[in-house]
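Trainee: Please find the sequence and the predicted model below.
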Amino acid sequence: MNRDTARRRLSPPVTHRLVRPFLQPARLLAGAIIAGFLAVSSAAHADRSDRATPAGPAATQHHRASPTGVTEREIVVIDGFYYIVPAPWAGNKIEAPALSSDSFRQVPAELTYNRTNIYVHSIALPPLLAMLDRAREDGVELLVESGYRSERYQRTIFKRMMAQGRIFTDIIRYVAPPGYSQHALGTAVDFHPSNWRFADTRAYAWLQENAAAFSFKETYSRSNKRNMPWEAWHWNYCGK
Ligand SMILES: [Zn+2]
């Protein structure tokens, strides 16, 4: 089975498929029909050669790109293709300011998982270090697995996964669409292991007790108001 066949077989519902920005404001009905056609057509032809079509100037408009029926919805652009952002991400876009490299400081390697180069916003590092110190005093080891990730990097993750044959609606089950990750703020960290096992660790219990004293919050808690999936490992510095 070649990749194109696999894509077709795994295709999600048409409403979440990519839609090209061809629609004109005055032709909503025709636009909807065309969108439906393109979505089906794209499902059948979404291979690498099809992606050579650029989105044009509108590619820089990540969100509510134009006043047409389709683009009322939130969209992201990856490799020149538009993807409609579904729930639970829709409505949860993160407006990250443009940050220069001197806004960041590196987390000491010994506090990271696998001694990786991880950066956080300079305002978040002192409280993070203080929190990790306190945890260690309490006999709890917290290792940082991820910190700042730019929107551009988030897009790179998608491109890489798509090149491996994964489709958008599948990837967003595990990865925030570009522009929807709190990691773009530089204040959020993921602790190791950054998966569902973290919820069963002493480290998680310790954070629930103590993180607030250091102004860190579990953004996507078990019953978060945003209706986002629970991410026990993801904590964000919220300032004082
Ligand atoms: Zn995270």
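Mentor: All right, it came through fine. Numbering: from 1, shown residues only.
Trainee: Quick check: can you list the domain ranges of this protein?
Mentor: Listed domain ranges for the chain are 3-84, 101-237 (source: automatic domain parsing).
Trainee: By mean pLDDT, show me the worst of those domains.
Mentor: Note on the domains of the chain: lowest mean pLDDT is at domain 3-84, with a mean of 48.
Trainee: need the contact list for the residue in the chain that the ion sits nearest to.
Mentor: The ion sits closest to His234 of the chain, with a gap of 3.5 Å, by Cβ to the ion. C-beta coordinates here come from the backbone N, C-alpha and C atoms, glycine included. Applying Cβ atoms under 8 Å, 6 or more residues apart in numbering to His234 gives the contacts Gln182, Ala188, Val189, Asp190, Ser194, Glu218, Thr219, Tyr220.
Trainee: Which residue is the nearest non-sequential neighbour of it?
Mentor: Asp190 (5.4 Å; Cβ to Cβ, 6 or more residues apart in numbering).
Trainee: So which of the contacts of His234 is surrounded by the most neighbours?
Mentor: Within these, most neighbours by other Cβ atoms under 10 Å means Val189, with 28 neighbours.
Trainee: In a strand, it, correct?
Mentor: Yes - counting by DSSP: H, G, I helix; E, B strand; the rest coil, Val189 falls inside a strand.
Trainee: Is it in contact with Val120, as I believe?
Mentor: Yes - here Val189 reaches Val120: they are 6.4 Å apart, a contact under Cβ atoms under 8 Å.
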